[in-house]
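**Student:** Need coordinates for the following:
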Amino acid sequence: MKSNWLGNIPFQHKHFVQPENENQLAELVFKANQQGEKIRVVGAGHSWSPACSSRDYLINLDKLSGIKVMNSSQHSASVGAGSRLKDLNHAFWGKGYAFKNLGSIAEQSIAGAISTGTHGSGIAFGGLSSSVSGLKLVDGQGNTHHFTRESHPETFNAFPVSLGTLGIFTEVSLEVSPAYYLREVRKPMDFDEAMEQLPELMQSCDHFKLWWFPYNKKVQTYSIQRSFEKPAVKNAFNLLREDSAFAQGFFAWLLQLGNFRPFVPFINRFITGVQFKNETNVGRSFEVFNMVMPPRHHESEYALPIEKTVEACKALRDLIHLKKHPVNFITELRFVKGDEHWLSPAYGRDVCFLGGYMAGESGWMAFLKDYENLMLSFSGRPHWGKEFTLGLQQFPLSYPRWEDFKVLRKQFDPNGVFSNDWTDALFG
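**Tutor:** Next up, the predicted model:
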């Protein structure tokens, strides 16, 4: 593996290792600790941030995967930390179960998705880490630990969203749901109308999200509800979500054209006209939650207090239009229930995640700077797996348990084995 998915983070490690089991991993960590070397873990490399970069060891847990235990009476599953979400979707379904909620992409490993605070949408549903009931990990000295909410009530909430800095997960226990179907209703709306109705829309169904292409007056709303209907085939022509080589290739070509600033408003309006339609789909839960991998693009995302959603969306629209930022990708709005995980962007409050996405390099850094400044003005916290430029000085003010986390980090990784330049910039 030479880089992350986007290619903006090159990997320059000396050693790439795929441990066969937990004991082999523990021995490797012990060795690295003794020799003063560093370790980071990579799954699918889907993070836009430098979280997986390492100058010494890059560890991949693909061989620590699959369902270990399925507890039907407790609706729980223990899985290898390297398991990919897409594989667990089918494995769970085959046993009559499913994730309670999912994001759009299923390529990630379960450990990576949890560690970075990955989420879907649904104001009554937390991020993926909210389903974690237990963890096994190897600490920075090669010792193994097993944590559950019950066995370690004082510190458990530090571990699920921990950016790989407290240890390497080897096994994850998850609360799962009996298998279910979803009915998705897509409906275009006027931007201002959607903003006016947003408080009601987010509460009107199990899972609600909104897409908008800048320089358009229309948005696409997605209202998703649990259903007992039989699955229905999706619309055959869908530029962003349909599993079609033609559709994906055509969208990628449009994004390349969108690197020329004057074309962006016209291309965005064309895509909106083609994509934003009334449509209803019914399918297995993961088939509705997940979409095919989109073309490569830059992505930042901030979690804002739920009560600031409408004001922030309007401010982002005005910023893009005023500065004429060539934003040639969707702006996505999703909703997540608050949790108690110390480094979760949703810690202590219900949030909306408001994305800042763009394909291509032209104009990206200028947009990212303006986007981040705006998100910070609304008390936003960045998604750990996406692009952001904040450093040590900002985070202690945003996370009430930040200093507690640093104390725990010193305990579980006293020599900084699980550190890199990115974590050093975060924690000092």
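
**Student:** ok, now how distant is the spatially most central residue of the chain from Lys314?
**Tutor:** Residue closest to the mean C-alpha point of the chain, counted by C-alpha atoms, centre = their mean, is Thr118 at 3.0 Å. Going from Thr118 to Lys314 by C-beta to C-beta, to the nearest Å gives 27 Å. Using the backbone N, CA and C atoms, a C-beta is placed for each residue, glycine as well.

**Student:** any idea whether Leu354 is helix, strand or coil?
**Tutor:** strand (DSSP: H, G, I helix; E, B strand; the rest coil).

**Student:** count of residues packed around Val42?
**Tutor:** By other C-beta atoms under 10 Å, 24 other residues sit near Val42.

**Student:** Please apply the same query to the one 4 residues further on.
**Tutor:** Residues near His46, counting by other C-beta under 10 Å, number 20.

**Student:** what does the domain assignment say about this protein?
**Tutor:** Per automatic domain parsing, the structural domains of the chain span 63-178, 181-382.

**Student:** Would you verify that the residue nearest to the centre of the chain is located in a strand?
**Tutor:** No: Thr118 is assigned coil when assessed by three-state DSSP, not a strand.

**Student:** In this structure it contacts Gly103, no?
**Tutor:** Yes: taking contacts as C-beta atoms under 8 Å, Thr118 lies within contact range of Gly103: 5.5 Å.

**Student:** any shared contact partners between those two?
**Tutor:** Listed as contacting both Thr118 and Gly103 by C-beta atoms under 8 Å, 6 or more residues apart in numbering are Leu128.

**Student:** and Asp421, what is it in contact with?
**Tutor:** 50, 53.

**Student:** and the gap between it and Leu198?
**Tutor:** When Asp421 is compared with Leu198 (using C-beta to C-beta), they lie 39 Å apart.

**Student:** try Asn278
**Tutor:** Using C-beta to C-beta, we find Asn278 at a distance of 19 Å from Leu198.

**Student:** Over to Leu166?
**Tutor:** Taking C-beta to C-beta, one finds Leu166 at 37 Å from Leu198.

**Student:** neighbour-wise, which of these two wins?
**Tutor:** Leu166 (24 against 19).

**Student:** Spatially nearest residue to the more buried one (excluding sequence neighbours)?
**Tutor:** Once flanking residues are discounted, Leu166 sits nearest to Phe412: 4.6 Å by C-beta to C-beta, 6 or more residues apart in numbering.

**Student:** ok, the one you found touching Gly164?
**Tutor:** No: counting by C-beta under 8 Å, Phe412 stays clear of Gly164, with 11.4 Å between them.

**Student:** more crowded one of the two?
**Tutor:** Just comparing Phe412 and Gly164: by other C-beta under 10 Å the higher neighbour count belongs to Gly164, 25 against 22.

**Student:** Point me to the helix or strand that includes the more buried one.
**Tutor:** When elements are assigned from DSSP states H and E, Gly164 belongs to no helix and no strand.

**Student:** give the contact list for it.
**Tutor:** 40-41, 51, 115, 418.

**Student:** who wins for neighbours among those residues?
**Tutor:** Neighbour-wise, these (other C-beta under 10 Å) top out at Ser115, 30 neighbours.

**Student:** Might one say that it is in contact with Gly167?
**Tutor:** No: with contact defined as C-beta under 8 Å, Ser115 does not count as touching Gly167 (10.4 Å).

**Student:** Okay, now the unreliable bits of the stretch 101-250 of the chain?
**Tutor:** Where the stretch 101-250 of the chain drops to pLDDT under 70, the residues are 232-245.

**Student:** any idea where the helices of it begin and end?
**Tutor:** Here the stretch 101-250 of the chain has its helices, by DSSP state H, counting those that start in this stretch, at 110-115, 191-201, 245-257.

**Student:** Tell me, how many residues neighbour Tyr347?
**Tutor:** Burial of Tyr347 is recorded as 22 neighbouring residues (other C-beta under 10 Å).

**Student:** oh sorry, the question was meant for Asn373
**Tutor:** 10.

**Student:** Just the pLDDT for it.
**Tutor:** Looking at Asn373, its pLDDT is 96.

**Student:** Please apply the same query to the one 5 residues further on.
**Tutor:** The predicted local distance difference test score for Phe378 is 97.

**Student:** can I assume it is in contact with Ile306?
**Tutor:** No: contact criterion C-beta under 8 Å: Phe378 and Ile306 do not qualify, at 11.1 Å.

**Student:** In a markdown table: the contacts of Gly164, plus distance to Phe250 and secondary structure.
**Tutor:** Formatted as a markdown table, these follow (distance: C-beta to C-beta, whole Å; DSSP: H, G, I helix; E, B strand; the rest coil):
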| residue | distance to Phe250 | secondary structure |
| --- | --- | --- |
| Arg40 | 36 | strand |
| Val41 | 36 | strand |
| Ala51 | 32 | helix |
| Ser115 | 35 | helix |
| Phe418 | 42 | coil |
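
**Student:** all strands for the stretch 301-428 of the chain, in order.
**Tutor:** Counting by DSSP state E, counting those that start in this stretch, one finds strands in the stretch 301-428 of the chain at the ranges 331-336, 351-358, 381-382.
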